[in-house]
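Student: The sequence isn't on hand, but the structure is:
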């Protein structure tokens with residue numbers, strides 16, 4: 001008989017059991033591998049200058065060589081994803097190291113463009129494999145958002161060190177440095193977990209019943225969700241890649257002093273550290289997707305500021321906000337993907353989605369500029385890409401709210 005009282009539904013929350021992935025050895029080697037893998041991408045602006053000044057490549061050739069590196073990284077992440085849950089992950093990492101070391105070594109022997117463009121693609125494949133296993137390892141921890149936050153916090157320092165060290169080195173010195181850093185990790189491959197701790201698409205919920213009793217339920221993630229999430233990452237990296245490619249050029253073109261722009265870019269990089277400190281605090285309270293939706297809308301606004309007559313104030317507001325917020329975007333995207341994919345198969349594709357976005361975005365921007373549409377069109381495209389990512393995540397959130405609410409609001 002209905003007594004008029006509302007039926008109280010049991011509370012559910014996503015449960016991450018601690019596994020070998022949460023050990024300090026696993027996290028340490030994964031952080032090292034991720035930082036090294038992304039170091040190649042971050043170092044491309046400096047390496048590009050070396051290709052021009054030391055090897056005599058043209059600007060067009062440099063663009064193609066850099067594109068081969070990024071494209072190879074995307075292809076490597078695809079290979080890693082296909083093999084990740086089939087064979088021992090340590091063998092996959094070793095294969096990536098062999099490819100990256102071999103290609104970098106041959107780049108010191110073959111200096112002409114025709115050889116280098118293929119060798120950089122081969123090196124990118126090795127780097128992509130290496131980085132993808134690292135991200136899958138970090139994503140397999142009980143608190144993936146925190147693990148990725150640690151990675152991005154350390155990344156801010158390694159990026160600064162890289163920008164200081166690489167310009168002082170010869171071309172062969174740069175290649176030798178990367179070879180050495182890859183080889184150093186070989187004795188520590190035993191720290192990499194050999195296989196996933198969870199089944200693909202399987203998630204575990206902690207269900208709270210009456211009188212504080214709990215039980216655990218196994219649920220299955222719809223197969224399409226991680227793939228759609230990768231699509232959203234692709235769009236956000238169209239925006240991120242294009243913004244970083246053209247922000248300095250566009251601001252100087254608007255009449256702002258070049259030295260002032262350079263100084264502000266250095267100072268703005270410290271906002272990334274602030275973003276790391278704040279991002280996890282917010283996600284612990286509000287989950288990952290809801291803050292991500294707000295962040296992407298503000299990112300679109302910070303990019304849109306660069307449209308029209310750009311002043312020093314507009315530039316400072318835009319670049320400081322963007323530096324602060326892109327960390328939020330990465331932490332929340334990677335953390336959400338890890339919640340949706342506990343096995344790491346799709347998480348390992350994140351470098352691929354990022355790399356393709358970083359290739360496609362600047363190429364679209366270059367096309368817009370070739371049609372003399374100006375930088376306004378470029379930054380409008382960036383804003384649209386960010387909002388597209390926001391709409392995709394919004395659709396995922398409301399879809400999961402109806403089917404797996406514990407996952408929709410997970411931190």
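Tutor: Cool, got the structure. This structure is a prediction, so every number in the text was calculated from the model and none was measured.

Student: can you tell me the average pLDDT over the host helix or strand of residue 164?
Tutor: Counting by DSSP states H and E, the element that carries residue 164 is helix 144-165. Helix 144-165 shows a mean pLDDT of 83 in the predicted model.

Student: Any buried residues in the next helix or strand after it, and which?
Tutor: Of the helices and strands lying after helix 144-165 in sequence (DSSP H and E), the nearest is helix 171-184. Of the residues in helix 171-184, those scored as buried under the neighbour-count criterion (16 or more other Cβ atoms under 10 Å) are 171, 174-175, 177-179, 181-182. For the C-beta atoms, the positions are set from N, CA and C on the backbone; glycine is no exception.

Student: ok and the helix holding residue 164 relative to helix 171-184, angle-wise?
Tutor: Between the direction of helix 144-165 and that of helix 171-184, the angle (axes from the mean of the first three to the mean of the last three Cα atoms, to 10 degrees) works out to 150 degrees.

Student: Against which helices or strands is helix 144-165 packed?
Tutor: Using 3 or more Cβ pairs under 8 Å, 6 or more residues apart in numbering; DSSP states H and E as the contact definition, the elements that helix 144-165 packs against are helix 24-42, helix 113-139, helix 271-286, helix 312-340.

Student: quick one: residue 153 and residue 273 touch, right?
Tutor: Yes - in this structure, residue 153 sits in contact with residue 273. The criterion is Cβ atoms under 8 Å, and the distance is 6.7 Å.

Student: which ones are touching residue 344?
Tutor: Counting by Cβ atoms under 8 Å, 6 or more residues apart in numbering, residue 344 makes contact with 84-85, 135-137, 139-140, 196, 338.

Student: could you redo the last one with a cut-off of 10 Å?
Tutor: Taking Cβ atoms under 10 Å, 6 or more residues apart in numbering as the criterion, residue 344 is in contact with 21, 80-81, 84-85, 89, 132-133, 135-140, 144, 193, 195-198, 200, 337-338.

Student: Residue 160 now?
Tutor: Residue 160 makes contact with 266, 269-270, 272 under the criterion Cβ under 10 Å, 6+ apart.

Student: Please report which of those has the highest neighbour count.
Tutor: Each of the contacts of residue 160 was scored for neighbours by other Cβ atoms under 10 Å, and residue 272 scores highest at 21 neighbours.

Student: I figured that residue hits residue 321, correct?
Tutor: No - the pair formed by residue 272 and residue 321 falls short of the contact definition of Cβ atoms under 10 Å, at 11.8 Å.

Student: Please identify the helix or strand for residue 203.
Tutor: strand 202-208.

Student: Roughly how far does residue 385 sit from residue 170?
Tutor: Using Cβ to Cβ, to the nearest Å, one obtains 37 Å as the distance from residue 385 to residue 170.

Student: what's the answer for residue 111, then?
Tutor: Computed with Cβ to Cβ, the distance linking residue 111 and residue 170 is 12 Å.

Student: higher neighbour count, these two?
Tutor: Residue environment comparison for residue 111 versus residue 170 gives the larger neighbour count to residue 111, 15 against 11, counting by other Cβ under 10 Å.

Student: Quick one: residues contacting the more buried one.
Tutor: Neighbouring residues of residue 111 by Cβ under 10 Å, 6+ apart: 51, 54-57, 171-172.

Student: Just give me the closest of these to residue 98.
Tutor: Nearest to residue 98 out of these is residue 172 (Cβ to Cβ; 19.9 Å).

Student: So that closest one sits against residue 106, correct?
Tutor: No - here residue 172 does not reach residue 106: they are 11.9 Å apart, not a contact under Cβ under 10 Å.

Student: hmm, back to that, next, show the common contact partners of residue 153 and residue 273.
Tutor: Listed contacts common to residue 153 and residue 273 are residue 327; contacts here mean Cβ under 10 Å, 6+ apart.
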